[in-house]
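Novice: Using only what follows, build the 3D model:
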Amino acid sequence: MRSFLPDRAGTARRWDRFDRLRVPQRPCHELIRPPEAGLSAASAEPLRSLARAHRRSRGAPFVSRSYAPPLALIAWHTKPVGVDLERVGASDRAFAESICTPTELRLFADSLDDARFVTSLWSSKEALAKALGDALAYDPRRLQSPLGWSDGRAGSWSASELHVASGHVAWLVWSLEERPDRPSQSY
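Specialist: Now for the predicted structure:
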């Protein structure tokens, strides 16, 4: 697929679908909100099918997706990327403590009773685990949350909280470097 766009001088330059992914250091992402009102968790399969089809149309080597019906969030990039979308719900302090590193327990002690904060903490770790390659392979007590990263960066990784729908939190985590040891992924 080839497209032509004018550059700043007004001359046409050729680019393909990956060029627009290489220009920014930040990956692309899109929130999908299907038009069907009343989509529930029981009817989440149509949302998953829509997100999978949407993902295939992007053609990027690294794709991550997350669901919180009636919403889906997809991110794609030329480098490893992870995304997580969560509905803010009740949480207890025991759960919050069970996902924190010892450092996070000290840093965030006063915030562990706040449901939105705990959901954001979980979501940031889930997005990081997806970007690392396999969300199920990482213990959240051993992953430092991007919430604690200075300027949203840690080594060759960058992260950003996304502002999505009311009552939801979302995080996007991506590598700033090529990782030849990792094949492309889709989660």
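Novice: shaky segments in the protein?
Specialist: Along the chain, the parts satisfying pLDDT under 70 run over 1-25, 34-44, 54-58, 178-187.
Novice: Let me see the ranges of the helices in it.
Specialist: With helices called from DSSP state H, the chain shows them at 19-22, 44-58, 93-98, 102-107, 115-132.
Novice: Report the separation between the residue nearest the centre of the chain and residue 168.
Specialist: Nearest to the geometric centre of the chain sits residue 83, at 1.4 Å (CA atoms, centre = their mean). Separation of residue 83 from residue 168 (CB to CB, to the nearest Å): 12 Å. Backbone N, C-alpha and C define where each C-beta goes, glycine included.
Novice: which one of the helices of the chain is the most hemmed in?
Specialist: helix 115-132 (a mean of 23; mean count of other CB atoms under 10 Å).
Novice: what about that helix, distance to the chain center?
Specialist: Centroid separation for helix 115-132 versus its chain: 9 Å, with CA atoms, centre = their mean, to the nearest Å.
Novice: Could you do stretch 71-90 as well?
Specialist: For stretch 71-90, the distance to the chain centre is 3 Å (CA atoms, centre = their mean).
Novice: Pull out the buried residues from it.
Specialist: 71-86, 88 (16 or more other CB atoms under 10 Å).
Novice: For residue 163, grab the count of nearby residues.
Specialist: 10 (other CB atoms under 10 Å).
Novice: list the contacts for the nearest residue to it once chain neighbours are set aside?
Specialist: Nearest non-adjacent residue to residue 163, counting by CB to CB, 6 or more residues apart in numbering: residue 170, 8.0 Å away. Residue 170 sits next to 31, 66, 73, 83-86, 123, 161-164 when contact means CB atoms under 8 Å, 6 or more residues apart in numbering.
Novice: dump the residue contacts of residue 132.
Specialist: Residue 132 is in contact with 80, 82, 138, counting by CB under 8 Å, 6+ apart.
Novice: One more pass at 7 Å, please.
Specialist: residue 138 (CB atoms under 7 Å, 6 or more residues apart in numbering).
Novice: Ok, residue 118 next?
Specialist: 91, 95-96, 112.
Novice: out of the residues you listed, who's nearest residue 157?
Specialist: Nearest to residue 157 out of those is residue 96 (CB to CB; 23.0 Å).
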